[in-house]
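Here is a sequence together with a model predicted from it:
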Amino acid sequence: MSKADLAKKPAEVAAMFDEVAPTYDLTNALLSFGQDRRWRGIVRSAVNPKPGQKILDLAAGTGASSAAFTGPDIKVVAGDFSEGMLAVGRKRHPDIEFVFADATKLPFKANEFDSVTISFGLRNVVDVEKALAEMHRVTKPGGSIVICEFSKVTNPVLRPFYNFYLNKLLPAFSSVASKTPEAYSYLSESILAWPSQVELAQKITNAGYLEVSFRNLTFGIVAVHKAVK
């Protein structure tokens with residue numbers, strides 16, 4: 001397969017995820033040493049879905065993240081721009097509505113969702129500011145945005161070891177665990193290029209959100225940002 005680069009051309013990124021779709025969830029569980037399940041639980045708590053609410057989960061992939069928000073009288077919409085991911089998701093989670101959705105041009109009405117969330121996908125969007133503006137547009141007044149994304153390790157002692165994992169161990173491991181190691185080489189590069197927790201919080205503020213906060217998980221390897229419209 002051809003690897004997407006940090007220019008993040010939508011067609012290239014989508015094609016890359018189309019190819020990894022069948023094994024995406026399993027490989028992620030292996031590469032995160034099982035932490036992905038814990039992270040999803042924390043995101044659910046931050047979203048705090050309630051009966052009668054409508055939740056939009058962007059970059060939903062095969063729906064593993066979306067399934068965490070399901071419950072009685074909760075409408076979950078899973079959006080992604082990889083048709084391959086959507087196809088796998090529809091088979092695995094027939095109770096969830098899957099929609100082709102470009103985060104920079106969402107196919108939804110203004111003020112439609114009680115909460116909009118995206119996990120490990122904002123980093124892959126070609127125009128982050130535009131995506132945040134779109135997420136703000138479709139969120140109801142008083143509703144929330146929750147973003148779970150790889151971030152910057154806060155412990156200076158652990159930071160070089162994590163960078164070594166990203167630069168050396170992750171590509172080597174993915175070459176064995178995945179049939180498409182190019183995708184995980186891109187993963188390493190995109191994580192290293194991603195802004196810090198504070199920088200992302202500022203971008204969310206600039207999009208018009210209020211009460212912006214973030215919580216570091218696993219020493220800052222991942223951060224969960226939350227804000228209110």
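Perfect, I can see it now.

When you work out contacts or count neighbours from here on, use the C-alpha atoms and nothing else.
Fine.

Tell me, please, where in the protein the pLDDT is lower than the cut-off.
Judged by pLDDT under 70, the chain has its weakly predicted residues at 1-33, 173-184.

Kindly list the main-chain dihedrals of the residue in it sticking out farthest from the centre?
Most distant from the centre of the chain: Val157, at 27.0 Å, with distances by Cα atoms, centre = their mean. Dihedral pair for Val157: phi -70, psi -40, per degrees, to the nearest 10.

same deal with Pro72?
Dihedral angles for Pro72 - degrees, to the nearest 10 - are phi -60, psi 130.

From Leu58, how far off is the residue nearest to it when sequence neighbours are not counted?
In this structure, Pro72 finds its nearest non-sequential neighbour in Pro51, 6.1 Å apart by Cα to Cα, 6 or more residues apart in numbering. Pro51 sits at a distance of 20 Å from Leu58 (criterion: Cα to Cα, to the nearest Å).

Please apply the same query to Asn206.
20 Å.

Look at the two and report which has more neighbours.
Remark: of Asn206 and Leu58, Leu58 carries more neighbours, 29 against 13, as counted by other Cα atoms under 10 Å.

how about the more buried one, what does it touch?
Ala78, Gly79, Asp80, Ala101, Ala103, Val116, Thr117, Ile118, Ser119, Gly121 (Cα atoms under 8 Å, 6 or more residues apart in numbering).

repeat that with 7 Å
Counting by Cα atoms under 7 Å, 6 or more residues apart in numbering, Leu58 makes contact with Ala78, Gly79, Asp80, Thr117, Ile118.
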